[in-house]
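Engineer: Sequence and predicted structure, then a few things I'm wondering about:
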Amino acid sequence: MRKKARFPGIYLGIILALMYVPILLVIIYSFNESRINSVWSGFSLRWYRDLFRDKDMLEALINSLVLATVSSLSAAVIGTLAAVGMPRVKLRGKSVVEYISTLPIMIPEIILGMVFLVYFSLIRLPFGMITLTVAHTSFCIPYIYMLVKARLVGIDKSYAEAAKDLGANEWNVFWDITLPLILPAIASGVLLSFAMSLDDVVISVFVTGVNTNTLPIRIYTQLKTGVTPKVNALSTLMFAATLLIIMLSTWFGRKTTLSVKRRNT
Amino acid sequence: MDDTVILQLSQIHKSFGDVKVLDGIDLSVRKGEFITLLGPSGCGKTTTLRIIAGLERPDSGRVFIAGKDVTNEEPNRRNVNTVFQNYALFPHMTVEANIGYSLRLKRVDKETIKKTVSQALELVQLSGYEKRMPDELSGGQKQRVAIARAIVNQPAVLLLDEPLGALDLQLRRQMQVELKRLRARLGVTFVYITHDQEEALNMSDRIAVMRNGKFEQIGTPSDVYDRPKTSYVARFVGSANIVEGTVLESDGQRIAFRSQGAVCLVAARGARLSPGEAVRVAVRSEMVDLTPYASPELPYSGLDAAGGNPGDSQVGLQAVVKEKNFAGGVLQITVSLADGSELVASRHGIDSPLVPGDKVRVTWQPERAVLVDLEETP
Amino acid sequence: MKPEALAKTGEPRPGEPTSREEGARKPTKRRDAMVLSVLPLYVFTFLFVIGPLVYMLVLSFLRRAEVWGVTLEFTFENYANILKPVYLKTFLESLKLACLTTLLVALFGYPFGYFMARQNAAWKRRIMVLLMIPFWTSSLVRLYGWIIIFRANGVLDGLLMALNITNAPLKVLYTYAAVVVGMVYALVPFMIFAVYSSAEKLDWQLVEAARDLGATPFQAFWTVSFKLTLPGLLSGIVLTFIPSMGLFFIADILGGNKVVLVGNLIQEQLMKARNWPFAAALSVVLLTLTSIMIALYRKISGVKDLEGLV
Ligand SMILES: Nc1ncnc2c1ncn2[C@@H]1O[C@H](COP(=O)(O)OP(=O)(O)OP(=O)(O)O)[C@@H](O)[C@H]1O
Ligand SMILES: [Mg+2]
């Protein structure tokens, strides 16, 4: 009986450990003196030094950060407005549009990349940051829209009614009640979209221009053609950034869960 | 209380889809009055309140507040405020921000808001709670904040939807007293919803008993309690027994009627009924007298001879004691009548010498019984 | 009372002021303002989702021009092309790999999600954070880790040889197995989140009730927990199967050019062969397959949105 109860914990532990092995290896070898990733020849920071001298890599990083910021924020505006407005408008075919707008995260990325490529050349949109932004915004919107929509469903409608009863018009209700209450959902939607955009290879490969590189595209070409441990160094830094973001968001999350908990007691 | 009508509903109809929820509601409320809507679940109380608040629009009919037709006005343009059943305190605002919200919307300056909020908190005995968040309050405290939030705007009418429904009995009693006190201080008009008839009788100037989207009777607590118009009101408010029969004779003061082979009496109160007409009479359980059935029954010899006293063996239903229950501070004795129907008599005290199986005669003072369900004669 | 009330509904009420219009006029101005709020989404969706998808469909019926671009000529040729053995084989191989991946993902991911949901709140939170870290780490970084492991004389070979299990490098990189591992590794989190989100909602008292009624632990699991977490499992299957047809870069990097997915085929036709109509036809077929899966999922589970998608 006791053995049985222990098994789940062991299983969870093993799987989690397996998930970290590849990441840890990348990190370890980023500090390796040698160029070869399987031979440890001593501690060194030379790959980090190389990385910071690599202008192309830095440019790709900046491109990626700009792209992720612009896409997730435009998606936040479009998605939030729509999620708030949708239940209140009476338009024919509303649910069809709603469904289609979430397609970008339902269909395989490769298809999205391919249709954007052919479509953008049809409408002659110059390939580069513009096309990347449109493409990334398209798959960021559904995350925001769905998260905000789910949050809105969870909000008791009597808050809005109470506000109106106390003299608020629609506009006041939105700013004073709805927006503050859906803000956590918007924030996690933005965070999620940001991460998805920062990580996207498939779609970006199709819609980027000849002279525009994002970080994932750069890493992808390097992985295909020949890697130097510079990529390890870069990966390690990206991992550190991810860790920081997650720590921040769980810290925020903790604060909200705490207040929820208090309510239940 | 003065006689100006502050709130008037006229012929309000409302359906949700196929379900007809309100079916011709008429109501006038005087300034400063405390009126209670009382009725079973689903009869349309909340809907009525929401229509007054403007949160719901009637299909037809009009709402007047202070003489002004507000039927098509948005809630924020009506001078009424609601205390919601689930409080609906904004979870992301402090107590202070919650209470001051309506003043902020009116762009009242900060100092005044602060002062008004602290007065309101004092009024509901929550001074010092300004900075708390709603989820850091107990149920009773939330209720008080909700009330403070609703009165801070000095509404013409305060609407309360079962404000004490979620509180335990003791807290409820205490809040009843406080609401009364608050009302005396503010002089605001209250439209109050409750399930609890005791609460309604205790707090209201008038009670509107509702049934299936209509008002069955509107009157003072003693009207609906002592002089119910319908058997429904009698049952719902006073949990009265209903006895049916046919009129034997009437002397203008009292009416004698035959029920289940026996003769019973009821005060006429101006009702003109002729022999042979069907009647329904409501008798509250504490008015029912039970006499051990010893003496042989005397034949009925007319109204003049029948005194209607417990000792008077000319009148009274024959019954058998079925069971005794001690509940709510009174002893309830259930008896079954000749046709198998049941009747309840209640007594103070914990027991009575009667035991199940005893034969008893059921009587009441004629003036304690009320004729109900009379056809309205215009 | 009832019949009376019913009878009344039909007849006109004399006292009633007037018809509906007067009683309750719906405010239309507010509605108009609301339309503005959904406008951006509508515009974006029409321009950048519907537009491209429709164009893809049109394109798939056009003939490829000799040198560059397409001619406006209707044809089924592109779809017929898919049935050519060389392409059909790719399609079937890709399907096979997707099935294998999905099976393995379910095998590893389902117990994880299920066990995780049975932990206490503090552990759930910790495990969630531990899951999020690799999940949010760039997929390329993780892929790179596998290259380090799999390459000839890499970490895996070193380990195996040090333990004397093998005495020559296995050279796992650029094999089918490497691709499968990479896919499973990339997709297992989706399954875990999907299963977890439905197992989390499970009322464990039901399992206890089943045990109380005489079920063995396995019977209790099978008749109660499994049935109730099925939507999560199905959603996880959809969420892994669909991408696993298209993740061409995993096949590219871990499989060399030995493993060719539909995704690789599309990419190749698009970027190298420049046969856009054929790429479009391939996409249409893939998309149809995807839609069928989602429709099936909805039908079976009766849920509209995929469980644990966001
Ligand atoms: N928005 C709505 N849509 C459909 N039906 C509704 C709606 N609101 C109320 N109803 C129906 O109208 C009827 C009256 O509801 P209402 O809330 O007014 O009852 P109530 O008297 O307040 O009951 P309770 O004492 O349970 O609160 C009920 O049958 C209810 O189901
Ligand atoms: Mg109600």
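Structural biologist: Thanks, I have it. Ligands and ions are numbered 1, 2, ... in the order given.
Engineer: Please make it C-alpha for all contacts and neighbour counts, starting now.
Structural biologist: OK.
Engineer: Okay, and C:Arg126 sits in which element?
Structural biologist: helix C:121-136 (DSSP states H and E).
Engineer: Is any residue of whichever helix or strand comes after that helix near chain A?
Structural biologist: The helix or strand immediately downstream of helix C:121-136 is helix C:139-150, counting by DSSP H and E. Yes: contact of helix C:139-150 with chain A (Cα under 8 Å from any Cα of the partner chain) involves C:139-146, C:148-149.
Engineer: And stretch C:112-125, by the same measure?
Structural biologist: Yes: on the criterion Cα under 8 Å from any Cα, stretch C:112-125 is in touch with chain A at C:112, C:115-116.
Engineer: where does A:Thr228 land in three-state SS?
Structural biologist: Recorded secondary structure, A:Thr228: coil (DSSP: H, G, I helix; E, B strand; the rest coil).
Engineer: Need phi/psi at the closest residue to chain B within the stretch 151-300 of chain C.
Structural biologist: Among the residues of the stretch 151-300 of chain C, C:Lys201 lies nearest to chain B; the distance is 24.1 Å by Cα to the nearest Cα. Dihedral pair for C:Lys201: phi -80, psi -10, per degrees, to the nearest 10.
Engineer: Against B:Gly61, how distant is the residue nearest to B:Thr48 when sequence neighbours are not counted?
Structural biologist: Among residues not flanking B:Thr48 along the chain, B:Leu22 sits closest, at 7.6 Å (Cα to Cα, 6 or more residues apart in numbering or on different chains). To B:Gly61, B:Leu22 is 11 Å away according to Cα to Cα, to the nearest Å.
Engineer: Which parts of stretch A:240-248 count as buried, going by neighbours?
Structural biologist: Along stretch A:240-248, these residues count as buried under the neighbour rule (16 or more other Cα atoms under 10 Å in any protein chain shown): A:242-243, A:245-246.
Engineer: Who are the contact partners of the residue in the stretch 51-200 of chain A that ligand 1 sits nearest to?
Structural biologist: The nearest approach of the stretch 51-200 of chain A to ligand 1 comes at A:Lys157, 11.4 Å away (Cα to the nearest ligand atom). By Cα atoms under 8 Å, 6 or more residues apart in numbering or on different chains, A:Lys157 lies in contact with nothing.
Engineer: Next up, identify which helix or strand A:Leu132 is on.
Structural biologist: Residue-wise, A:Leu132 maps onto helix A:129-154 under DSSP H and E.
Engineer: Now the helix or strand that that helix is followed by - C-alpha only, PDB.
Structural biologist: Later in the chain than helix A:129-154, the nearest helix or strand by DSSP H and E is helix A:157-165. Once non-C-alpha atoms are left out, helix A:157-165 reads as follows in PDB (Å, rounded to 0.1, in the frame of the first residue of the first chain):
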ATOM      1  CA  LYS A 157     -22.500  40.300 -13.400                       C
ATOM      2  CA  SER A 158     -23.800  41.900 -10.300                       C
ATOM      3  CA  TYR A 159     -20.600  43.900 -10.000                       C
ATOM      4  CA  ALA A 160     -21.500  45.700 -13.200                       C
ATOM      5  CA  GLU A 161     -25.100  46.100 -12.100                       C
ATOM      6  CA  ALA A 162     -24.100  47.400  -8.700                       C
ATOM      7  CA  ALA A 163     -21.900  50.000 -10.400                       C
ATOM      8  CA  LYS A 164     -24.700  51.100 -12.700                       C
ATOM      9  CA  ASP A 165     -27.000  51.200  -9.700                       C
END
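Engineer: residues of the helix or strand just after helix A:157-165 that come out buried?
Structural biologist: Next helix or strand after helix A:157-165 toward the C-terminus (DSSP H and E): helix A:170-172. For helix A:170-172, a neighbour-count test (16+ other Cα under 10 Å) marks nothing as buried.
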